[in-house]
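*Asks:* Need the 3D shape of this:
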Amino acid sequence: MNSDYVIAFLASTAGAATPLVLASTGELVAERSGVLNLGLEGIMLVGAVAGFSVTLHTGSLGLGLLAALAAGMALALVFAFLVLTLQTNQVATGLALTLFGIGLSAFLGRDLVGQTVTPLPRLDLPILSDLPFVGPLLFRFDGVVYGSLALVAIVAWLLAKSRIGLQIRAVGEAPHSAHAIGMPVVRLRYASVLFGGALAGLGGAYLSLALTPMWAEGMTAGRGWIALAQVVFATWKPRGVVLGAYLFGGVTVLQFHGQGLGLAVPSEFLSMLPYLATIVVLVIICRNPQTILLNKPMSLGQNFRAD
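*Replies:* Numbering: from 1, shown residues only. Sure thing, here's the model as predicted:
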């Protein structure tokens, strides 16, 4: 196995992991505030079609990414209004949002199938990008890849060290106690859900503007569900989100490299490897219930009503 193959594999892994890093990080913040949003798959799809459509019609990748952020926040706002204001069941509402997003994205993208856009440009850093082995491995990605990693670091710091992070964790652990000392529980949860929706929309747009710069119905292929699983895999810690996303990304890329190398393995088996790996990891993590119980926000999935 030569170095070019290793570089290509690792570089592809970073690209495949980035949508999951974004979606999982946003969902982690939402869950830390006590809200479980099962609508990530639908939000990612709507973000993908919104970003692609705006980029196609304006020629601006920046506007496309902003449109994906706005679309993700719009769907998240609907979800937040239903569960936080109208007090609907979080699980049922999230599932309904996924179904709505799948249908809406298919409707909006019906005339976009088969069209393409110029993908996000990769950064070309003087000297660094030309370094042997290290250059193509670390310094030739697009800005969203680097931005996603920086975002995880910022979120980790905010949740652990900042006042707003402490408040978010407080309303996720004990919303009634937080309300009793004057914290705006509902507003903090609204903000957390909107943040999660924005990142899920951006993650969807990365699929249609970078990984495969085109629109295809259902192109997320279950990544929204994987992002939800990765939050559990990460035990609600940002660094675990990165590890899980890059693990899934590596297995996803492995299926394509395996087919390219002509491995005598059915293509269907290779296609299911990423999802099989996710299930195996979750089973291993959940074998120790204390790992989950010690880190899971106590009020996750529970509605809050100020008396």
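*Asks:* For the residue nearest to Arg32 when sequence neighbours are not counted, list the residues it contacts.
*Replies:* Nearest residue to Arg32, sequence neighbours excluded (CB to CB, 6 or more residues apart in numbering): Gly172, at 4.9 Å. (Glycine included, C-beta is placed from N, CA and C.) By CB atoms under 8 Å, 6 or more residues apart in numbering, the residues touching Gly172 are Glu31, Arg32, Ser33, Gly34, Pro297, Met298, Ser299, Leu300.
*Asks:* Could you confirm the fourth one falls within a helix?
*Replies:* No - note on Gly34: no helix contains this position according to DSSP: H, G, I helix; E, B strand; the rest coil, which reports coil.
*Asks:* Return the backbone torsion pair for it.
*Replies:* phi 100, psi 10 (degrees, to the nearest 10).
*Asks:* roughly how far apart are it and Met219?
*Replies:* 31 Å (CB to CB, to the nearest Å).
*Asks:* Tell me which of the two has more neighbours.
*Replies:* Gly34 (28 against 20; other CB atoms under 10 Å).
*Asks:* thinking again about what came up before, same question for the strand or helix carrying the residue nearest to Arg32: list its buried residues.
*Replies:* Secondary-structure assignment from DSSP states H and E places Gly172 in helix 163-173. For helix 163-173, a neighbour-count test (16 or more other CB atoms under 10 Å) marks Gly165, Gln167, Ile168, Arg169, Ala170, Val171, Gly172, Glu173 as buried.
*Asks:* repeat for stretch 44-63
*Replies:* 44-56, 61.
*Asks:* So Ile102 sits against Ala48, correct?
*Replies:* No - judged on CB atoms under 8 Å, Ile102 makes no contact with Ala48 at a distance of 11.3 Å.
*Asks:* Now Gly240: closest residue in space that isn't a chain neighbour?
*Replies:* Ala234 (2.7 Å).
*Asks:* Then Ala277?
*Replies:* Val251 (4.6 Å).
*Asks:* Just the element for that neighbour, please.
*Replies:* Here Val251 is assigned to helix 238-260, by DSSP H and E.
*Asks:* Helices along the chain, start to end?
*Replies:* 3-32, 40-58, 61-80, 90-108, 134-138, 143-161, 163-173, 175-180, 185-206, 223-233, 238-260, 267-286, 289-293 (DSSP state H).
*Asks:* Point out the one among the ones you listed that comes closest to Gly114.
*Replies:* helix 40-58 (11.4 Å; CB to CB).
*Asks:* Can you check what angle separates the closest one from helix 90-108?
*Replies:* 30 degrees (axes from the mean of the first three to the mean of the last three CA atoms, to 10 degrees).
*Asks:* Start at 51, not 1
*Replies:* Will do, 51 is the new start, and the previous item becomes helix 90-108.
*Asks:* Check which helices and strands helix 90-108 is in contact with.
*Replies:* Contact here means 3 or more CB pairs under 8 Å, 6 or more residues apart in numbering; DSSP states H and E; on that basis helix 90-108 packs against helix 53-82, helix 111-130, helix 140-158, helix 235-256, helix 273-283.
*Asks:* how about the buried residues of helix 213-223 in a markdown table, adding distance to Gly65 and pLDDT?
*Replies:* Below are the buried residues of helix 213-223 laid out as a markdown table (distance: CB to CB, whole Å; pLDDT from 0 to 100):
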| residue | distance to Gly65 | pLDDT |
| --- | --- | --- |
| Gly215 | 29 | 95 |
| Gln217 | 35 | 95 |
| Ile218 | 30 | 96 |
| Arg219 | 32 | 94 |
| Ala220 | 37 | 94 |
| Val221 | 35 | 95 |
| Gly222 | 32 | 93 |
| Glu223 | 36 | 92 |
